[in-house]
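*Asks:* Below are the sequence and a predicted model for it; my questions follow.
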Amino acid sequence: MIALVDCNSFYCSCEQVFRPDLFNKPVVVLSNNDGCVIARSKEAKALGIPMGAPYHHYKKVMAFHNVAIFSANFPLYADFSSRVMAILNRFSDAVDIYSIDEAFIQLGGLTEDVIGYANTIRSTILKWTGIPVSIGIAQTKVLAKCANQFAKGLPDSGGVFALTHPPVIDTALKQVSVGDIWGIGRNHSAMLKRHRIHTAYDFKMHANRQQLLKWLTKVGLQVYDELNGLSCINLHDMNLPRKNIQVARSFRPELTTIDDVQAAMATFVTRAMEKLRAQQSLVQCITVFVRSNPFQQHAQYYRKALSVGFLTATNDTFVVMKGARMALKRVMVSGVSIKKAGVVLSEITDDASIQESLFERSTVNPLMAVLDGINQRYGRDTIQVANQKRYTQKRRSPQWVSSRYTTNWEELLTVGLKDSQI
DNA sequence: TCTGGGGTCCTAGGACCC
DNA sequence: TCTGGGGTCCTAGGACCC
């Protein structure tokens, strides 16, 4: 038996832990640059604020309904995530972390009272971290995802729902739209509906595997099998090293000179290489990309990417930065302001399996370990490339960011008496 | 004024080889 | 005059996820 444990409105819940006055109130969390809504509390959803909505489109609605707004505080969310996952490890031997706010756990041989067990998990997480979760239970991951939707949606489910009895499964799947099945996105759902497949039940009952393969590729067929109770989706292990590492940001205001973009790139390469070394890998290719604002009505949309390969795999920030600089010179054109830029590291290898080049020794720079050590101990960017400053200084700081209550000594929650009570 | 960031996997089709 | 068949590898682009 598999349980999907999913934190409710995760980012909002993290903020609410330190703001109990906001429990059961509309809360949203905004992306970088306070651009888009990336999390909404139940109450905010009820106001009709969609996921991914640009903040400025909903500014008035939010002000009118007194919605509490937060700028994204990822260090805080990452810390809460690891606390929740640590608790899950106490309840199951096999925890597959699927994203920052959800994990699949095996319930093993447990057959009796899975609901009771799930309720215990749920209340423990709530008590120890303050984060409410929903738990869906089923034979397969896709069905567990469906069960989770009911756990979230049905008020009297108490946050736990099991799809384990065949008649219940079919009744439930008739109420799930194909587009709401995990793994069936917008495009595929539109196509299925054109072929009169509207619900998860219709999909499950479709007889023609060949046709499904043609429409949805191998991946869609796996979803189909899982709906039919055949477990076949294996998750990429979150602990395995990434095959690509991307760091990208939007700029506000937009950047117009190559020097400014260069400075931003220096920061992106630094971050990406830190991630690379953290997973003990080497990289052999970097892609640099820039783009203008696609929403701009008057100007022509510009986007361009360029990759640079290295003779040998490396973990040296300075080597990669040099490659990025070369690439950047060739993707920038004058007169275009850059709205977003970033880097992608690819051709990533394990640093134990270095391919020595005929011409060059692999570039594993021991200086990097020293640098990482200092920055880990004394804080990010204690030592940095001079050019990074230019980017950090230009960046507008987010408006509504909360404290890093759990990861920074300077920002602990302070408790005190009001003046009147002293 | 103002629209996020970071991943994975799959397939079709071209390049190239014998 | 006439120009095969079969395989692998790579890449761009599409689809999906949170």
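*Replies:* Cool, the structure landed.
*Asks:* List the contacts of the residue in the stretch 101-250 of chain A that DNA strand C sits nearest to.
*Replies:* Using CB to the nearest atom of the strand, the single residue of the stretch 101-250 of chain A nearest to DNA strand C is residue A:185, 2.2 Å away. (C-beta placed from N, C-alpha, C; glycine too.) Counting by CB atoms under 8 Å, 6 or more residues apart in numbering, residue A:185 makes contact with residue A:179.
*Asks:* cool, residue A:401 as well?
*Replies:* Neighbour list for residue A:401: A:70-73 [criterion: CB under 8 Å, 6+ apart].
*Asks:* tell me which of those is nearest to DNA strand C?
*Replies:* Nearest to DNA strand C among these: residue A:72, at 12.5 Å, using CB to the nearest atom of the strand.
*Asks:* What score does the closest one have for pLDDT?
*Replies:* What the model reports as pLDDT for residue A:72 is 96.
*Asks:* need the residues of the stretch 51-200 of chain A near DNA strand B, please.
*Replies:* Within reach of DNA strand B by CB under 7 Å from any atom of the strand, the stretch 51-200 of chain A has these residues: A:52, A:54-56.
*Asks:* So which of the residues you listed would count as near DNA strand C as well?
*Replies:* Contacts with DNA strand C within these, as defined by CB under 7 Å from any atom of the strand: none are present.
*Asks:* Selecting buried members of these in PyMOL, what would you type?
*Replies:* A single PyMOL command selects the buried members of these (16 or more other CB atoms under 10 Å):
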select buried, chain A and resi 55
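*Asks:* Check which helix or strand the closest residue to DNA strand C within the stretch 301-422 of chain A maps to.
*Replies:* Closest to DNA strand C within the stretch 301-422 of chain A is residue A:307: 7.5 Å, counting by CB to the nearest atom of the strand. Here residue A:307, judged by DSSP states H and E, is contained in strand A:303-314.
*Asks:* With only the CA atoms kept, save that strand in CSV.
*Replies:* This file holds the C-alpha atoms of strand A:303-314, laid out as CSV (Å, rounded to 0.1, in the frame of the first residue of the first chain):
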residue,chain,number,x,y,z
ARG,A,303,15.4,35.0,-27.1
LYS,A,304,18.7,33.3,-27.7
ALA,A,305,20.7,30.5,-26.1
LEU,A,306,24.2,29.3,-26.7
SER,A,307,26.1,26.3,-25.3
VAL,A,308,29.8,26.1,-24.6
GLY,A,309,31.6,22.8,-24.0
PHE,A,310,34.8,22.2,-22.1
LEU,A,311,37.5,19.8,-23.1
THR,A,312,37.4,18.1,-19.7
ALA,A,313,34.8,18.0,-17.0
THR,A,314,35.3,20.5,-14.3
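*Asks:* wait, which of the residues of the stretch 51-200 of chain A next to DNA strand B is closest to residue A:122?
*Replies:* residue A:52 (28.0 Å; CB to CB).
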